[in-house]
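have a look; sequence and predicted model below, questions after that.
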Amino acid sequence: MSVLLILDGLVGVGKTTLSKALEGTCADLGLSVQIYAEAEVPTVTYDDHAVSAQDSNLRQLTRMPHPQHVWIDADQDTFERIGQELMELRLERAKRFVQAMHQVEAKLLIFDGGLFHRDLDCLWLMNIPLEWLYQHTLAYVKCLQSIEPVLVYLSQSDVEQGLRRIHALRGSMWHQGETRWLVDSPYGRQHEYRRFSGYLQLYQVLHQYHRELYEKLNMVKVSLETSQARWSEYAQELLSRLEMAPQAD
């Protein structure tokens with residue numbers, strides 16, 4: 001039976017880097033592994049029709065007139081309507097993902113950013129009521145129960161330092177777009193966040209929201225602090241916890 005790891009956390013905490021480290025460690029142990037990105041599902045047969053990764057991409061916001069700056073296109077009532085549609089689509093996508101996973105033979109399945117990152121965060125930035133988000137997340141996790149997922153939440157003790165590091169690594173264009181995306185959101189405007197200093201404040205609040213939601217979820221979960229960037233050690237530790245690798249001496 002396959003094991004599904006959902007790697008999640010804020011931007012820049014190492015979700016994709018850890019995915020690659022797990023892939024390498026599994027290769028050394030002779031274990032097959034398959035990695036799926038945030039909005040990716042392989043082509044499967046679902047209700048007698050083919051479903052591709054593109055069909056199940058949840059980034060419905062990209063259908064707005066200004067896909068790189070969607071906040072200017074709607075008022076709060078519209079965002080709540082879009083949010084409800086997006087939550088319904090996420091649940092449909094979860095069902096498709098489960099069917100896909102039952103067809104995959106790899107020993108370890110890794111879902112990079114599959115629960116909180118981006119889609120749920122966008123709903124939060126839209127000021128969708130928190131109770132809606134909580135109930136939606138419970139329903140999403142319930143959809144995944146048959147494949148017994150393990151949630152691995154990655155975080156860093158100094159959130160601001162981690163964000164500054166990833167912004168420096170990804171360059172000025174990404175820095176400007178990412179900062180604008182958050183501070184210009186309905187949540188950012190409501191709380192009057194401005195420029196990069198406001199972005200850092202907003203992310204502190206988002207991190208706290210993630211932690212509170214993580215604690216509420218009734219599923220197998222692991223909290224992993226990644227500030228030291230010891231990716232091979234983290235991968236070995238996770239596989240050991242899952243009893244897929246020998247315990248380190």
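Cool, the structure landed. These figures come from a predicted structure and were not determined experimentally. Numbering: from 1, shown residues only.

helices along the protein, start to end?
15-29, 76-102, 119-125, 130-144, 159-183, 186-190, 195-216, 231-241 (DSSP state H).

pick the most deeply packed of those helices.
Of all these, helix 119-125 has the most neighbours on average by mean count of other CB atoms under 10 Å, namely a mean of 22. C-beta coordinates here come from the backbone N, C-alpha and C atoms, glycine included.

what average pLDDT does that one get?
Per-region confidence: helix 119-125 scores 88 on mean pLDDT.

CA atoms only: put it into CSV for me.
Provided in CSV are the C-alpha atoms of helix 119-125 (Å, rounded to 0.1, in the frame of the first residue of the first chain):
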residue,chain,number,x,y,z
ASP,A,119,-5.7,27.7,-2.7
LEU,A,120,-6.7,27.8,1.0
ASP,A,121,-4.5,30.8,1.6
CYS,A,122,-6.2,32.6,-1.3
LEU,A,123,-9.6,32.0,0.4
TRP,A,124,-8.2,33.4,3.6
LEU,A,125,-6.9,36.5,1.8
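
check which helices and strands it is in contact with.
helix 76-102, helix 130-144, helix 186-190, helix 195-216 (3 or more CB pairs under 8 Å, 6 or more residues apart in numbering; DSSP states H and E).

which outside residues touch the last one?
Yep, that's helix 195-216 we're talking about. 8-10, 116, 121, 124, 130, 133-134, 137, 151, 153, 155, 159-160, 163-164, 167, 175, 178-179, 182-183, 187-188, 191-193, 221, 223 (CB atoms under 8 Å, 6 or more residues apart in numbering).

CA atoms of it as CSV?
Only the C-alpha atoms of helix 195-216 are listed here, as CSV (Å, rounded to 0.1, in the frame of the first residue of the first chain):
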residue,chain,number,x,y,z
ARG,A,195,4.8,47.4,1.3
PHE,A,196,7.2,44.7,2.4
SER,A,197,6.9,45.5,6.1
GLY,A,198,3.1,44.9,5.9
TYR,A,199,3.7,41.7,3.9
LEU,A,200,5.9,40.4,6.7
GLN,A,201,3.2,41.2,9.3
LEU,A,202,0.5,39.6,7.2
TYR,A,203,2.5,36.4,6.9
GLN,A,204,3.0,36.2,10.6
VAL,A,205,-0.8,36.2,11.0
LEU,A,206,-1.2,33.6,8.2
HIS,A,207,1.4,31.4,9.9
GLN,A,208,-0.6,31.6,13.1
TYR,A,209,-3.7,30.7,11.2
HIS,A,210,-2.0,27.6,9.7
ARG,A,211,-0.8,26.5,13.1
GLU,A,212,-4.3,26.8,14.7
LEU,A,213,-5.8,24.9,11.8
TYR,A,214,-3.1,22.2,11.9
GLU,A,215,-3.8,21.6,15.6
LYS,A,216,-7.5,21.2,15.0
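
that one vs helix 130-144, what angle?
60 degrees (axes from the mean of the first three to the mean of the last three CA atoms, to 10 degrees).

what about helix 195-216, distance to the chain center?
Relative to the centre of its chain, helix 195-216 is centred 14 Å away, using CA atoms, centre = their mean, to the nearest Å.

I'd like the average pLDDT over that helix.
95.

same question, the second one
Summarised as a single mean, pLDDT over helix 130-144 is 93.

likewise stretch 11-18?
On average, stretch 11-18 scores 92.

do the same with stretch 97-107
Here the average pLDDT along stretch 97-107 is 83.

so how far does that stretch reach from one end to the other?
16 Å (CA to CA, to the nearest Å).

tell me how far Lys20 lies from Gly9.
Separation of Lys20 from Gly9 (CB to CB, to the nearest Å): 16 Å.
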